[in-house]
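Novice: Generate coordinates for the sequence data below:
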Amino acid sequence: MALPHRYPRAQSHAEGGGLPKTALQLLPPLIKGYLRLGAFVGDGAVIDRQFGTTDVLIILPVSAIRARYLAYFGPGAERHAA
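Specialist: Got it, this is the predicted structure:
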């Protein structure tokens, strides 16, 4: 658990059907990619002023990966390589 003075509590948008479109557009590409795969973001974040970052926990259970991504990146994916 983050130290209390470095842990801002995040607001949950799960009840409202997810993040507003504008919030999704502002996310870094890597986080957007994980969310497309079926990941979710853990509760809260940690502000690391020393490194100038905000750290979040991304959870991606293999069982949550969407079928279309498994088909593209899963076994036999080497046939998709350019």
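Novice: Can you report how many residues neighbour residue 26?
Specialist: Counted with other Cβ atoms under 10 Å, the neighbours of residue 26 add up to 9. C-betas here are computed from N, CA, C, even on glycine.
Novice: Please read the previous query as pertaining to residue 71.
Specialist: Neighbour number of residue 71 under other Cβ under 10 Å is 12.
Novice: quick one: secondary structure of it?
Specialist: helix (DSSP: H, G, I helix; E, B strand; the rest coil).
Novice: now residue 54
Specialist: Per three-state DSSP, residue 54 ends up strand.
Novice: Could you list which residues are in contact with it?
Specialist: Counting by Cβ atoms under 8 Å, 6 or more residues apart in numbering, residue 54 makes contact with 45, 46, 47, 48.
Novice: Quick check: pLDDT value at it.
Specialist: Residue 54 is assigned 84 on the pLDDT scale.
Novice: Report the beta-bridge partner residues of it.
Specialist: residue 47 (DSSP bridges).
Novice: Please tell me how far it sits from residue 4.
Specialist: 16 Å (Cβ to Cβ, to the nearest Å).
Novice: try residue 67
Specialist: 40 Å.
Novice: what about the two, which has more around it?
Specialist: Legend: neighbour count by other Cβ under 10 Å for residue 67 and residue 4, higher for residue 67 (9 against 6).
Novice: Which per-residue confidence value corresponds to the more buried one?
Specialist: Looking at residue 67, the pLDDT reads 83.
Novice: Could you report the distance from it to residue 42?
Specialist: Where residue 42 is concerned, residue 67 sits at a distance of 24 Å (Cβ to Cβ).
Novice: Which strands and helices lie in contact with the longest helix belonging to the chain?
Specialist: Counting by DSSP state H, the longest helix found in the chain is helix 29-37. Using 3 or more Cβ pairs under 8 Å, 6 or more residues apart in numbering; DSSP states H and E, no helix or strand is in contact with helix 29-37.
Novice: quick one: contacts of it?
Specialist: By Cβ under 8 Å, 6+ apart, helix 29-37 touches 24, 27, 41, 56, 58, 60, 64, 65, 66, 69.
Novice: Which ones among those lie within strands?
Specialist: 41, 58 (DSSP state E).
Novice: what about residue 58, how many residues close to it?
Specialist: 14.
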